[in-house]
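# Here is my input; please provide its structure:
(chains A and B)
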Protein chains: 2
Amino acid sequence: MSSEEGTVFVGRKPAINYVMAVTLQINRGVKKVVLKARGRAISRAVDVAEIARLKYFPGKIKVSDIRTGTEEIISPDGTRRDISVIEIELSQE
Amino acid sequence: MSSEEGTVFVGRKPAINYVMAVTLQINRGVKKVVLKARGRAISRAVDVAEIARLKYFPGKIKVSDIRTGTEEIISPDGTRRDISVIEIELSQE
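Just a heads-up that it's a prediction; the model follows:
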């Protein structure tokens, strides 16, 4: 089974865990994988994209789009704060 | 005095410091400011771009391009390691 687009949410685990998730999707035939991260995990999402692109799929996938934005988080105590988000789109070349 | 393009290197200081650097350049007439960051500071660079865009220059500047890449760092002891980098281009609308 394959589909056109997959998503990997990048959080606090080591980057390699998310690289494996990307690898799994690409190897299943997914043409476009979108990495999504918030806050401090943004740096890790860039690491995941770079490791996947350079070490696991050299010449096979590229960063086709990067979007950033802001989301509002509401804590359990009701306070609101803004957090930065990123979406990095990896596509098969 | 004004020039077409400015650069702000985002490091370990609080995001607001770099927002101030961007503000200074925009207010001097710089048309395009490029935020550059490496490693963990990447998340902060996205914060700086979002704060500048939404709070300091709403409707006046936009993220016109985002580029990511990998650089090799050579430590004083000679070991090499790769580090992710980002460049976020802010332009006056």
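
# and residue A:54, how many residues sit next to it?
The number of residues packed near residue A:54 is 14, by other C-beta atoms under 10 Å in any protein chain shown. From N, CA and C alone the C-beta is placed, and that goes for glycine too.

# a strand runs through residue A:21, doesn't it?
No: if the criterion is DSSP: H, G, I helix; E, B strand; the rest coil, then residue A:21 is helix and not within a strand.

# residue contacts, it?
Counting by C-beta atoms under 8 Å, 6 or more residues apart in numbering or on different chains, residue A:21 touches residue A:8.

# now swap in the one 10 residues further on and tell me
Residues in contact with residue A:31 (C-beta under 8 Å, 6+ apart) are A:4, A:5, A:91, A:92.

# wouldn't the third one be in contact with residue A:60 here?
No: in this structure, residue A:91 is not within contact of residue A:60 by C-beta atoms under 8 Å, at 10.0 Å.

# on that earlier part again, any quick ChimeraX command for the buried ones out of the contacts of residue A:31?
For the buried members of those, the matching ChimeraX selection, counting by 16 or more other C-beta atoms under 10 Å in any protein chain shown, is:
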select /A:91
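
# which among the contacts of residue A:31 gets closest to residue B:69?
residue A:91 (16.9 Å; C-beta to C-beta).

# what bridges to the closest one?
residue A:32, residue A:62 (DSSP bridges).

# what does residue A:37 give?
Residues in beta-bridge contact with residue A:37 (DSSP bridges): residue A:86.

# can you put the contacts of residue A:31 in CSV and add distance to residue B:33 and pLDDT?
Formatted as CSV, the contacts of residue A:31 follow (distance: C-beta to C-beta, whole Å; pLDDT from 0 to 100):
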residue, distance to residue B:33, pLDDT
A:4, 36, 86
A:5, 33, 93
A:91, 29, 97
A:92, 33, 92
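
# thinking residue A:15 is in contact with residue A:51, fair?
Yes: look at residue A:15 against residue A:51 with C-beta under 8 Å: they come within range, at 6.2 Å.
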